[in-house]
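Student: need a structure here:
(2 chains)
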Amino acid sequence: AQTVTQSQPEMSVQEAETVTLSCTYDTSESDYYLFWYKQPPSRQMILVIRQEAYKQQNATENRFSVNFQKAAKSFSLKISDSQLGDAAMYFCAYRRATDSWGKLQFGAGTQVVVTP
Amino acid sequence: NAGVTQTPKFQVLKTGQSMTLQCAQDMNHEYMSWYRQDPGMGLRLIHYSVGAGITDQGEVPNGYNVSRSTTEDFPLRLLSAAPSQTSVYFCASSPRPGLGYTFGSGTRLTVV
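Tutor: Here you go, the predicted structure:
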C-alpha cells in the first residue's frame, strides 16, 4: 500500500517571501504521478502542479515549483514571492501509473498562512 | 463550460435517512471518483469509475453506493445516514488520471 505523508500541519510565510512544503510517499513502484492541490477557503480543489516520476526535470508553474527527489521519495512544493491569495490548504497526492482505475492517494494537508 | 457540478452544496440529514449526492461533468471524462474530506485526514476515496457501467470500491466504501449509467453522471447514495458520515464530499473527473482530476465544489453533509 502507498502512503503519502505531509509532516507540516501548518506553515506561515510573509508576503513576498518563499515557503517550502514537504511531502514524502511510500511506494515500491517506479512509474507514478505526483500532484499538489490547493484548497482555499472556498473549498474548491485546484490542481497546482504535477510531476511524472520518469521526468527528471522538476515541474514549474509560475511561482510554484517542486523539488522531486525520486530516490528519497520526496516531493516538496516551493511557493516563491508569496501572495495573500496563496493562503490555503495544500495537499500532496500520488497515483500509480499502472493503476488503470486512476486512484489518487492524498496526504493530510498543510495549511499555509500568509501574513502581510 | 461548467466542469464538475455537485448538488446540493449543503445538506443536513437525520440518522437513518437516505439521500443521493449528485455529480455531473460535461467534459466527457471517463474517470470519475468520490472522496470524503475529514479534518486531519486529507481526502479518502469512497468509490470510483472508469466509464459507464464500471465502478469499484475505494478506501472507505461502507454505507455508500454508486452507479454510472452515463459518462456524465456519477451519483453517490447514502443508504442509511450515520453521524460518522458527517463530512465534506467531493466528486472529481479526469480524461486520463495522469493529468490529475478536476474537482467539484463539494457538498458539506451533516448527519444529526
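
Student: Taking chain A, what residue is nearest to chain B?
Tutor: residue A:102 (3.0 Å; C-beta to the nearest C-beta). For every residue, glycine as well, the C-beta is placed using N, CA and C.

Student: Contact partners for that residue?
Tutor: Contacts for residue A:102 (C-beta atoms under 8 Å, 6 or more residues apart in numbering or on different chains) come out as A:95, B:31, B:33, B:48, B:50, B:94, B:96, B:97.

Student: burial measure for the nearest residue to residue A:100 once chain neighbours are set aside, as a count.
Tutor: Excluding the flanking residues, the one nearest residue A:100 by C-beta to C-beta, 6 or more residues apart in numbering or on different chains is residue B:50, at 6.8 Å. When neighbours are defined as other C-beta atoms under 10 Å in any protein chain shown, residue B:50 has 17 of them.

Student: Equivalent analysis for the one 5 residues further on, please.
Tutor: Other residues lying near residue B:55 total 19 when counted by other C-beta under 10 Å.

Student: Just to be sure, it is in a strand?
Tutor: Yes: judged by DSSP: H, G, I helix; E, B strand; the rest coil, residue B:55 forms part of a strand.

Student: Residue B:32 versus the nearest residue to it once chain neighbours are set aside, what's the distance?
Tutor: Closest residue in space to residue B:55, ignoring its immediate chain neighbours: residue B:49 at 4.5 Å, by C-beta to C-beta, 6+ apart. Remark: distance between residue B:49 and residue B:32 (C-beta to C-beta, to the nearest Å) = 5 Å.

Student: And residue A:66, by the same measure?
Tutor: 27 Å.

Student: neighbour-wise, which of these two wins?
Tutor: Using other C-beta under 10 Å, the more surrounded residue of residue A:66 and residue B:32 is residue B:32, with 28 against 25.

Student: what's the average pLDDT for stretch B:88-107?
Tutor: Over the span of stretch B:88-107, the pLDDT mean works out to 90.

Student: Identify the residues contacting the residue nearest to the spatial centre of chain A.
Tutor: Centrality entry for chain A: nearest residue to the mean C-alpha point is residue A:36, 3.2 Å, by C-alpha atoms, centre = their mean. Counting by C-beta under 8 Å, 6+ apart, residue A:36 touches A:21, A:23, A:47-50, A:64, A:66, A:75, A:77, A:90-93.
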